[in-house]
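S.K.: My questions are about this predicted structure, shown below with the sequence.
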Amino acid sequence: MTEAEITSSPHDERTAELLRLWLRLLGTTTAIERELAQRMRQRFGCSLARFDLMAQLAKSRDGLTMGELSRRLMVTNGNVTGLVRRLVEEGLVVRESDPDDRRLQRVRLTADGLALFGRMAVVHGRWVTELLGDLGPEERRALSALLARVKAAAMQGTDDRGTA
């Protein structure tokens, strides 16, 4: 739905305002993600999905199961499997049997994977600072608090409302 469609549709003013806010949030997120993805591809030949997977593994030095990765990244097991397979082929991650349950495999970064992720994370942090750095400390805190409230409301979803 575009802003023109919102204006011409039969919504009350509050609904129209909230729809415009939703479009602003979505557009902002999309623009930032697109810019970071382009920079990541150009600089490191890496997708954001791959970077995000490596970030999750970097936070979990003992590794994660495929299911844990899938949940943390909010993607299907199939998406994780393909990313992990390619990272294994490149020597950036390894799959190991879980010491407590041999049926599970844990995935963890290799020393090379950890070193590469460390370099990417530093640069990624600079890029995020460039993109969001015009916000002052009070603006950052206020925006963060407001977004946390929006996220909490969205996470409740059907629990409180009974509809999707």
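M.R.: That came in fine, so what should we check first?
S.K.: Can you report how many residues neighbour Ala49?
M.R.: Residues within reach of Ala49, counting by other Cβ atoms under 10 Å, total 16. C-beta here means a position set from N, CA and C on the backbone, and glycine is covered the same way.
S.K.: Assign the residue nearest to it when sequence neighbours are not counted to helix, strand or coil.
M.R.: Of all residues not flanking Ala49 in the chain, Leu83 sits nearest, at 6.2 Å (Cβ to Cβ, 6 or more residues apart in numbering). Recorded secondary structure, Leu83: helix (DSSP: H, G, I helix; E, B strand; the rest coil).
S.K.: now Leu83: how far from Ala16?
M.R.: Using Cβ to Cβ, to the nearest Å, we find Leu83 at a distance of 40 Å from Ala16.
S.K.: neighbour-wise, which of those two wins?
M.R.: Set Leu83 next to Ala16 and count neighbours by other Cβ under 10 Å: Leu83 wins out with 21 against 16.
S.K.: Which SSE is immediately downstream of the longest helix along the chain?
M.R.: Looking across the chain with DSSP state H, the single longest helix is helix 13-44. Where DSSP states H and E defines the elements, the next helix or strand beyond helix 13-44 is helix 48-59.
S.K.: Please state the offset of that next one from the chain centre?
M.R.: 9 Å (Cα atoms, centre = their mean, to the nearest Å).
S.K.: repeat for stretch 99-115
M.R.: 21 Å.
S.K.: How about stretch 77-86?
M.R.: On Cα atoms, centre = their mean, the centre of stretch 77-86 falls 16 Å from the chain's centre.
S.K.: Could you tell me the angle between the helix or strand hosting Ser144 and helix 13-44?
M.R.: Using DSSP H and E, Ser144 falls within helix 137-156. Orientation of helix 137-156 against helix 13-44 (axes from the mean of the first three to the mean of the last three Cα atoms, to 10 degrees) gives an angle of 110 degrees.
S.K.: Report the buried residues of helix 137-156.
M.R.: When neighbours are counted by 16 or more other Cβ atoms under 10 Å, no buried residue of helix 137-156 is found.
S.K.: what does stretch 124-141 give?
M.R.: In stretch 124-141, counting by 16+ other Cβ under 10 Å, buried: His124.
S.K.: what number of residues lie near Ser60?
M.R.: Residues within reach of Ser60, counting by other Cβ under 10 Å, total 16.
S.K.: In contact with the closest residue to it other than its chain neighbours, which residues are there?
M.R.: Leaving out its chain neighbours, the residue that sits closest to Ser60 by Cβ to Cβ, 6+ apart is Arg108, at 7.5 Å. Arg108 is in contact with 57, 60-64, 93-94, 96, counting by Cβ atoms under 8 Å, 6 or more residues apart in numbering.
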